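make a model of this:
(2 chains)
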2 protein chains.
Amino acid sequence: MATAEQLQAWHELAQQLRIDSIRATTAAGSGHPTSSMSAADLMAVLLSNYLRYDFGNPDDANNDRLIFSKGHASPLLYALYKAAGAISDAELMSLRQFGSPLQGHPVPVLPWVDVATGSLGQGLPTGVGMGLAGEYLDQLSYRIWVLLGDSEMSEGSVWEAFELAGHYKLPNLVAIIDVNRLGQRGQTMLGWNTQAYCDRAKAFGWNAIEIDGHNLTEIDEAYTEAISNTDSPTAIVARTIKGKGVKAFEDIGGWHGKALPEEEAKKAIAELGGERHIIIEVEKPDPQTKPASIGKLEALQLPTYKQGNSIATRKAYGEALKALGAARPDVIVVDAEVSNSTYAEDFAEAYPDRYFEMYIAEQQMVATAVGLQVRKYKPFASTFAAFFTRAYDFIRMAAVSRANIKLVGSHAGVSIGEDGPSQMGLEDIASLRSVWSSTVLYPCDGNQTAKLVAQMADCEGIVYLRTTRMKTPVIYSPDEEFPIGGCKVIRSSNRDQVTVIGAGVTLHEALKAYEELNNQGISIRVIDLYSVKPIDAQTLYQAVSDTNGNLIVVEDHWSEGGLGAAVLEAFAGTETAPTYGGPKLQVIHLAVREMPGSGTPEELLHAAKIDADAIIAAAKSLLKQPVGASA
Amino acid sequence: MATAEQLQAWHELAQQLRIDSIRATTAAGSGHPTSSMSAADLMAVLLSNYLRYDFGNPDDANNDRLIFSKGHASPLLYALYKAAGAISDAELMSLRQFGSPLQGHPVPVLPWVDVATGSLGQGLPTGVGMGLAGEYLDQLSYRIWVLLGDSEMSEGSVWEAFELAGHYKLPNLVAIIDVNRLGQRGQTMLGWNTQAYCDRAKAFGWNAIEIDGHNLTEIDEAYTEAISNTDSPTAIVARTIKGKGVKAFEDIGGWHGKALPEEEAKKAIAELGGERHIIIEVEKPDPQTKPASIGKLEALQLPTYKQGNSIATRKAYGEALKALGAARPDVIVVDAEVSNSTYAEDFAEAYPDRYFEMYIAEQQMVATAVGLQVRKYKPFASTFAAFFTRAYDFIRMAAVSRANIKLVGSHAGVSIGEDGPSQMGLEDIASLRSVWSSTVLYPCDGNQTAKLVAQMADCEGIVYLRTTRMKTPVIYSPDEEFPIGGCKVIRSSNRDQVTVIGAGVTLHEALKAYEELNNQGISIRVIDLYSVKPIDAQTLYQAVSDTNGNLIVVEDHWSEGGLGAAVLEAFAGTETAPTYGGPKLQVIHLAVREMPGSGTPEELLHAAKIDADAIIAAAKSLLKQPVGASA
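Predicted structure coming up:
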């Protein structure tokens, strides 16, 4: 039972957090003071007595993690940093100004922010990833405290986090749900029905505690219960009042995301007892404890494939990943219940302790990867290319988080065959290219896949590898190198009349077209664009210049935003000047333009006009030769 | 209580459904017989005694809806169609063949399929949309029966559907969960813990019934209970056995998604009692009942804005949508708890009966739209542009469903200002362009917005409108027309040296650049690309030809896949030939390339180098004039 003195200290701090939230947002002219005020008591007790964190050493593996899943309450988070002595009052007051790291929503430009939030329903899922790291990999006693708003409880991703945290029985995860009843535009779906939140949490395998979120004793007891719970995650469902502490703003609509006008702010601060600048000593974790050993780096022995044999790049991915796992104990793999299709199972079978099944919960899968990389692991996440669309917001936010994650999408394109369009990834290159910091790779054979997988581990940002369902011939020697950002000119002569750029499946179609056209006396240059982003613009410029501007791009992807766009964007200039100085481009772009159905890979490649026949016809069209005519 | 005769008839039908699932998949050489067999008893009773459906008239508003959320069990669905006399045995046996409407996963090429499934966890959410239509709009007594697999219960989207169906108390919605324990690669998260599914369903406000999914009496009683329940949706949680009916395949791993070899199939069919061809009379609904009147089309009175005034396009959207609502009673609006930001609230306040709050559940929001359009409504769904990334898989699948839905994303681009990158839609054009059948619109002023909104109602496919947070000047007269697929040349002379293409916010920057450059004696052509897809290639060709190939594209979007890619793709040829015959392009592409932070819109547009200053510098670079120099 907390002492009266303790209760008073918590109260004083909570009032400061409210005041600072008001001050910072009023100075900024925008922001979310009322959403910060509802959670101030919850956070005051947490910071004072439960959080174990060395603000001077945010990289300490033993630090607890504090995630504001309700990222719009960033003023409260920054007020906590100030109260912990991590930032000055002047820094606090730079909130939302151009160049300030104190952005409208938290981003890891600040060293104490692990992951960006602001797209609701993401903080808890990334917390699950950190919880898995703490419980199963690091085997350290740090806790992950996640503050959620009640509105975001309607995001399905939150329930993916609940189910998986329950499944993996993460005692180190504590969700603090700030049930202030009011969302952005009115009452939330459940209002103050905290019982319903508890019932749901329990049904998903959690310990759940209902409290008055402004009763400091109840808050204290809830945290004590949470940290003594050893076999499940805990949800603290706190009934709170939006704008708590200032009568004029308590529990009223219309004040979400609005800064108080100066006069109102002045009155509010007075009502809260006036400005104060308490700095508390946040308890540090024991720095002596070290993460469980993840072994040491060993020499990598990649699988190799014999030229002329055939293997699906997805299978080569699995085998290369397993090899990487032997060499790199920091490689962790997650998959969304399709590991026998993506071949992540090769790794899972060899290293079950470093594999986490995410079941069919792609959002949580990507969030887990983001959480794992906070603790410096190298997570690879795989599912069908099509199903990364399910996690697109998480991938987008992973980029805002400056996360280093590896995504592998199998079953890309119409070449999957009979399963039909729901299973075909036909927008993955477009959507993944349009993610900041992303790298997009698309191998065409087993040896190339293995070399790319090896490079992915240390490649920064969001790295995406697109693999193919069907077997494709091994065309490269195991000794060949494929640097990210490069491409391979695989057919070339000084008589080349057309450059054909393909990747993955279409590269093999280009090779077939090469043979046929060669027989007809037409020479084409064939480029394997295995690195779609970054792109090797200079090599493309040279080839296109050599072939008098004649260019065919062929891709197993919708016609928008994919390989074609990547190539065409490379031929445009950036902000300073055009970069291509060769002859005028004459481009034919072969891509999927009609909705495919079921069929064999061959039937579907032909119907989509992205097979060798289509390439041959396009080449002849560029050269103004009648299609079907021999030279 | 069912008679022995009735039980026997159901059993016979169930065995036929199993046999046909085996026959069709074995003939196809791929597919999911075992996942079909587990649900055969459930579906046999449904088809025989509960489904009300006129297979001869699938458009009858009174028909029940049957959705296979576990779309991979399509053999079972097609076997039902055969049993109902809707398709022949020969058609059934065309499963998965090129050109057959019986694709690997159901698509609405078949008249009895309302929505495509195959991306798991989507059938129930679209069923919620249909349930809302039935209960609140049509006010008809049809029911929506949704067959789910247990693996897909881990998708967060399923819980969005549960929470919203519970919130809206949809008695017409029945979820039949086929708990066969085995997912694609092993046991599901909950195995046969049917109690846990029930607890979760109840916690989300549903009636839940646990049954043995192979006990025909229990199945019958569960359906009876479901249809007599009038104040909540019902979940029937059925414990089943994968591969049920053929001992060698019952409840064993390794047989997910695999057709039986011919010999095995023969034995299995014998074990199931041999091939049979029962056709049953499915009870038709009463065709006399009509949907509640949704009124008649009235003349549209769009809002108009005075040139020179300023209004945010998001606000003009709200006002135009309200006007459309007055004229079109079939317009229905959904929003993800941000209607006071997207301005969908203007409609919601005027027509509360045609507005459904989806809270912060973007996947369910899009699914609701898809469900509503099955019943011919014209759904508009709005949230921040950034948060449509959350529903990208649903948008992708809506295209496979040939759905007609309208999506409106506000707060696009860095120009939103202080809220920071988590709230900035910077990949929306790229991702939405890469959706089959999509239309992408991006207005720059109030009058243009209103005219585009009016056209959206009857535009087919996935129609996306991108709106802007900040106010922008009204530059067009209310009388101007903006056909979808067009663009506007808004500054033009025969002295133009550079074509500048912008849209939305950047169009206004282009106009500022025009003034400044004009003062310096440099004339630029300015094009408003309000219709990004489809794109008016011919007008762009003409402008670029007139300006000697000099082209600047400027966009408030990542540099990949957006306005720049749309323009460049238009300058490439499609499968037959290059389409642009003008002078060689000299392109500068201005787009967002670094991760933005908080700041004012002006600061952020400048920092991203997509403002008038950047356009001026780019124009001078193209003309090889020193930047800053006057003519």
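
what mean pLDDT does the longest helix seen in chain A have?
The single longest helix within chain A, with elements called by DSSP state H, is helix A:4-28. Averaged across helix A:4-28, the pLDDT comes to 98.

so which bits of that helix are buried?
A:6-7, A:9-11, A:13-28 (16 or more other Cβ atoms under 10 Å in any protein chain shown). All C-beta atoms are positioned from the backbone trio N, CA, C, and that covers glycine.

so which of those are also by chain B?
residue A:28 (Cβ under 8 Å from any Cβ of the partner chain).

for the host helix or strand of residue A:605, packing partners?
Residue A:605 belongs to helix A:601-607 when assigned by DSSP states H and E. Packed against helix A:601-607, as judged by 3 or more Cβ pairs under 8 Å, 6 or more residues apart in numbering or on different chains; DSSP states H and E, are the following elements: helix A:505-519.

give the rounded mean pLDDT of the helix it packs on.
For helix A:505-519, the mean confidence score works out to 98.

may I have it exported as PDB, CA atoms only?
Only the C-alpha atoms of helix A:505-519 are listed here, as PDB (Å, rounded to 0.1, in the frame of the first residue of the first chain):
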ATOM      1  CA  VAL A 505      10.200 -15.600 -64.400                       C
ATOM      2  CA  THR A 506      10.300 -13.200 -67.300                       C
ATOM      3  CA  LEU A 507      14.100 -13.300 -67.500                       C
ATOM      4  CA  HIS A 508      13.700 -16.900 -68.700                       C
ATOM      5  CA  GLU A 509      11.100 -15.800 -71.200                       C
ATOM      6  CA  ALA A 510      13.600 -13.200 -72.400                       C
ATOM      7  CA  LEU A 511      16.200 -15.900 -72.900                       C
ATOM      8  CA  LYS A 512      13.800 -18.000 -74.900                       C
ATOM      9  CA  ALA A 513      13.000 -15.000 -77.000                       C
ATOM     10  CA  TYR A 514      16.800 -14.400 -77.400                       C
ATOM     11  CA  GLU A 515      17.300 -17.800 -78.900                       C
ATOM     12  CA  GLU A 516      14.300 -17.600 -81.300                       C
ATOM     13  CA  LEU A 517      15.200 -14.100 -82.400                       C
ATOM     14  CA  ASN A 518      18.800 -15.000 -82.800                       C
ATOM     15  CA  ASN A 519      17.800 -17.900 -85.100                       C
END
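
and the helix or strand just after that helix, which residues are buried?
Per DSSP H and E, the first helix or strand lying C-terminal to helix A:505-519 is strand A:524-528. Residues A:524-528 are the ones in strand A:524-528 that count as buried (16+ other Cβ under 10 Å).

counting by contacts, list what strand A:524-528 packs against.
So strand A:524-528, by 3+ Cβ pairs under 8 Å, 6+ apart, packs with strand A:488-491, strand A:498-502, helix A:505-519, helix A:537-546.

what about it, distance to the chain center?
On the basis of Cα atoms, centre = their mean, to the nearest Å, strand A:524-528 is displaced by 34 Å from the centre of the chain it belongs to.

got the angle between it and helix A:505-519?
Orientation check (axes from the mean of the first three to the mean of the last three Cα atoms, to 10 degrees): strand A:524-528 against helix A:505-519 gives 160 degrees.

contacts for the helix holding residue A:605, please.
Helix A:601-607 has contacts (Cβ atoms under 8 Å, 6 or more residues apart in numbering or on different chains) with A:414-417, A:470, A:505, A:509, A:556, A:594, A:596-597, A:599, A:611, A:613-614, B:98.

state the distance from the residue in the stretch 301-450 of chain A positioned nearest to chain B to residue B:398.
In the stretch 301-450 of chain A, the residue that lies nearest chain B is residue A:422 (2.9 Å; Cβ to the nearest Cβ). Per Cβ to Cβ, to the nearest Å, residue A:422 is found 11 Å from residue B:398.

got it, and residue A:338?
From residue A:338 over to residue B:398 (counting by Cβ to Cβ), the distance is 23 Å.

one more: residue A:22?
Taking Cβ to Cβ, one finds residue A:22 at 43 Å from residue B:398.
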